[in-house]
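Participant: got a predicted structure plus its sequence, pasted below:
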Amino acid sequence: MQKFFEFINQLDRRIIFIFVALAIILPLLFPLNIKFTVTEPVRGFYEAIDKVPNGSKVLFACDFEPGSLPELYPMTYAALEQMLKKDLKIIALSLWPAGPPLVEKALTDMAQNEFKRKYGVDYVNLGFKEGREVVMVSMGSSIPNTFPQDYRGTKVSQIPIMQGVNNFKDVKLIVNISAGYPGTKEWVQQVQARYNIGLVSGCTAVSAPEYYPYYQSKQLLGLLGGMKGAAEYEILVNRIGLGRRGMDAQSMAHVIIFLFILLGNLAYFSLKKKGT
Amino acid sequence: MRKEVPLIITFLAGAFFIADYFIPHTGFSDLAAKINGWAIIVLAASYILGVLNILRINYGRVAKREKDWILKLILVLCMFFMLGAGIFGGITEGTLFDWFFVNTFTPMQATMFALLAFYIASAAFRAFRVRTVQAALLAITAVLVMIGRVPIGETIWKSFPDFTEWIMNVPQLAGKRAILIGAALGAIATGLKVITGLERTYMGQD
C-alpha cells in the first residue's frame, strides 16, 4: 500500500491526461443517458423568452469566439430554436472580433436551413463593432448609427427587419451569450440598469458565479451556466443537441477529477502519517 | 499648460458622461452619442497601432535571425494574408477569409480551450491537498459543486442540484457580492480621483 501511495504522490500528469481523455471519449461513443432535472436559473431563461409576444424583435448579442464554442454553441442553437419557434425577429451582433462568422453559421443552420426564414426579414447579423461598453451605450442612442451596415455589407436602412428599430426601446428582450469581457456584466451595467430592458444570459461555467448576483437581483431574468445549463435548456426547448449529448462525458470527467483529488489526499495523509 | 490642458479635458469629459447618465434631455443625449462615436473611432484606430506593434516587435527579431525567427515570420505573413483576404475578398460566408477562419482559426482556438480540461484535472489533483482547515473547506466545496452540477450528482442524491444551487445562491453569492461592491466603490473612488486631477498616472506622471 505504501508503494501505491508513493506512486500516486508522484503521479505523472500524463497518466491523469489519459484517464480524463477516456472519461470524455467513452461516454461520447457509448452514451449512458444519465437523467437530470432543470434548475431555476435555466427555467428563468426559457420563461423570459417564452413571455415575449410572438413576432416581436429581440436583440441576440453573441459575445464569444471559437475558444468557447463547445460550451456556448449548444445554448446558442437552442436559444435560436426557441426564438424561431415563436417567430421572433432576431437582430444578432457580436462585440468580439471573431464572433460574427460563428453567429452567421448558427443563423444559417437554424434560421435559414431548419426554419426556412428569410435573411433581412426574419433575422439579421449586424456583425462586429469595436468599442465594447461604448458600443452598448451608443446603441442606446441609435442602433442604426452604431451599426450602419450589417455583416454582409448591406445598409441597415435597406434591411426590412431594421425598419422602426432605433434603440433598445424597440426590442423586447436582450438575449446575451457571453464568454467574458465584454459580455453579460457589461450588458447589465451599461444597458439593463440604464434602459430597464429585459436581459437573459448564457455564459461559460467559469463565469456563471460572477453573474449570480445579477440573477438574484432580477437584473438577469435567466441564466444558463456552461454546458450543463445548455443541456437543461435543451430539455425545455425539446431539443437533443450538443449540450445533452455532452452531459455523460462531463459527468464522467468530473468523477475522474474527484477520484484523483481523493487519491491524492489519501496518499498525502498516508505518507504524512508515516513521516515520509 | 502641458499639465493643465489634459486635466481640464479629463474633468470635462468625465463630468459630462456622469451628467449624461442622469440627464435624459435629447440635446444632451445627442451630444453624448456624437462623442461616443468619436470614442468608437479612436478604439478602432487602436487596431492599426496593434498591427504596427506586431511589425515593430517581430521585424527586428526576424532581421537578426533570433531564436524562433521563422515562427515570427510566419505570424507576420499570416497576418498580412488574412488582412488581404478580408479587405479584397470580403469576410462573409464562402469567401477565402471565411474558409481559413472556419478551418484553421476555429479548430485551433477550440483545441487550446479543450486542453484546459486536462490541465485543470492535473492542477486539481495537486492543488486540492487538505493541508489546513481553509484548504479543506475549499476542496470539499469544490468537490460538492463539481459533482452536484453534473447529472451524475443527481443520480447519487436527488437533492444534489438543489444543494449546489444553495451553495451558489447563498455562501458564494455573499462573497461575490462583497467583492463586486468593493470593486465598484474602488472604481468610483478612482474615477473621481482621475476626474478631479488627484490621480495623474495616466499622463505618465506619479
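Facilitator: Thanks, I have it. Note that the coordinates shown come from a computational prediction; the quantities given were computed from them, not determined experimentally.
Participant: low-confidence stretches in chain B?
Facilitator: Applying pLDDT under 70 to chain B flags the ranges B:205-206.
Participant: would you map the helices across it?
Facilitator: Applying DSSP state H to chain B gives helices spanning B:4-22, B:26-63, B:69-89, B:96-100, B:106-127, B:133-148, B:151-156, B:160-169, B:171-195.
Participant: go on, chain A?
Facilitator: Under DSSP H, chain A gives helices at A:2-9, A:13-29, A:40-50, A:69-85, A:100-107, A:133-141, A:143-146, A:184-186, A:193-195, A:208-216, A:226-237, A:242-273.
Participant: in JSON lines: these, plus mean pLDDT, mean neighbour count and distance to B:G204.
Facilitator: Glycine gets a C-beta too; all of them are placed from N, C-alpha and C. Shown next, in JSON lines, are these (pLDDT from 0 to 100; neighbours: other Cβ atoms under 10 Å in any protein chain shown; distance: least, Cβ to Cβ, whole Å):
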{"stretch": "helix A:2-9", "mean pLDDT": "86", "mean neighbour count": "14", "distance to B:G204": "51"}
{"stretch": "helix A:13-29", "mean pLDDT": "95", "mean neighbour count": "15", "distance to B:G204": "44"}
{"stretch": "helix A:40-50", "mean pLDDT": "97", "mean neighbour count": "19", "distance to B:G204": "45"}
{"stretch": "helix A:69-85", "mean pLDDT": "96", "mean neighbour count": "24", "distance to B:G204": "40"}
{"stretch": "helix A:100-107", "mean pLDDT": "95", "mean neighbour count": "23", "distance to B:G204": "36"}
{"stretch": "helix A:133-141", "mean pLDDT": "92", "mean neighbour count": "22", "distance to B:G204": "24"}
{"stretch": "helix A:143-146", "mean pLDDT": "94", "mean neighbour count": "20", "distance to B:G204": "32"}
{"stretch": "helix A:184-186", "mean pLDDT": "96", "mean neighbour count": "24", "distance to B:G204": "28"}
{"stretch": "helix A:193-195", "mean pLDDT": "87", "mean neighbour count": "15", "distance to B:G204": "33"}
{"stretch": "helix A:208-216", "mean pLDDT": "93", "mean neighbour count": "20", "distance to B:G204": "33"}
{"stretch": "helix A:226-237", "mean pLDDT": "96", "mean neighbour count": "25", "distance to B:G204": "42"}
{"stretch": "helix A:242-273", "mean pLDDT": "92", "mean neighbour count": "19", "distance to B:G204": "47"}
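Participant: make a markdown table out of those and add distance to A:K57.
Facilitator: Shown next, in a markdown table, are the helices of chain A (distance: least, Cβ to Cβ, whole Å):
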| stretch | distance to A:K57 |
| --- | --- |
| helix A:2-9 | 58 |
| helix A:13-29 | 38 |
| helix A:40-50 | 13 |
| helix A:69-85 | 10 |
| helix A:100-107 | 15 |
| helix A:133-141 | 13 |
| helix A:143-146 | 11 |
| helix A:184-186 | 20 |
| helix A:193-195 | 15 |
| helix A:208-216 | 23 |
| helix A:226-237 | 20 |
| helix A:242-273 | 26 |
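Participant: from chain B, how far off is the nearest residue to A:G99 once chain neighbours are set aside?
Facilitator: Excluding the flanking residues, the one nearest A:G99 by Cβ to Cβ, 6 or more residues apart in numbering or on different chains is A:C62, at 5.5 Å. Using Cβ to the nearest Cβ, to the nearest Å, we find A:C62 at a distance of 14 Å from chain B.
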